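Participant: Sequence first, then the predicted structure, then my questions.
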Amino acid sequence: MAYNSTPFHGKKCRVEKNNVAMDYSKGWQLSVNLDMADASRVGQDWKEALPGMGSWSGSFDVYFVMGNTEQKAFFDNIIAATPGTKLTDVKFLLDASTNAFSGNIFITGVNVNATIGDIVSATINFQGDGALSISDAA
């Protein structure tokens, strides 16, 4: 695989749903973790660990524009529809369309910030379900 040889610029990093990049995005964040089980035993001076299961979660920020079809789908997933519906068509783009993280997610929270004198924005939190994958332009 031929991955990028120069850094990505955040101005092109967007969230995509149904193969359509969501407009009015302000950015996204992913966290990937590995559970570690303590395997220490009596008589040791240093702890030992065994790797467990991986998990991932994150959030993305948007300017609140309910007329944007892709954005509204995320809000509908937890507010207007039945909460707990898995979304299987989500990508976190690193560039225009070819380099991305992807996987299934559950929307776990929505925070709307309506401050006087500022643009209404929202943060959408999610939990990954299953493996996270990364793709490249090759």
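Facilitator: Perfect, I can see it now.
Participant: Closest to the mean position in the protein, which residue would that be?
Facilitator: In the chain, the residue lying closest to the centroid (Cα atoms, centre = their mean) is Gly58, at 4.4 Å.
Participant: Compute the first-to-last residue distance for stretch 65-85.
Facilitator: Distance across stretch 65-85, first residue to last, is 22 Å (Cα to Cα, to the nearest Å).
Participant: list the buried ones in it?
Facilitator: Residues of stretch 65-85 classed as buried: 68, 70-75, 77-78 (neighbour count, 16 or more other Cβ atoms under 10 Å). (Each C-beta comes from the backbone N, C-alpha and C, glycine too.)
Participant: now swap in stretch 44-61 and tell me
Facilitator: 56-61.
Participant: With stretch 15-23 instead?
Facilitator: 15-17, 22.
Participant: thinking again about what came up before, find the helix or strand that the closest residue to the residue nearest to the centre of the chain other than its chain neighbours is a member of.
Facilitator: The spatial neighbour of Gly58 that comes closest, neighbours along the chain excluded (Cβ to Cβ, 6 or more residues apart in numbering), is Leu30 at 4.2 Å. In the assignment (DSSP states H and E), Leu30 maps to strand 25-38.
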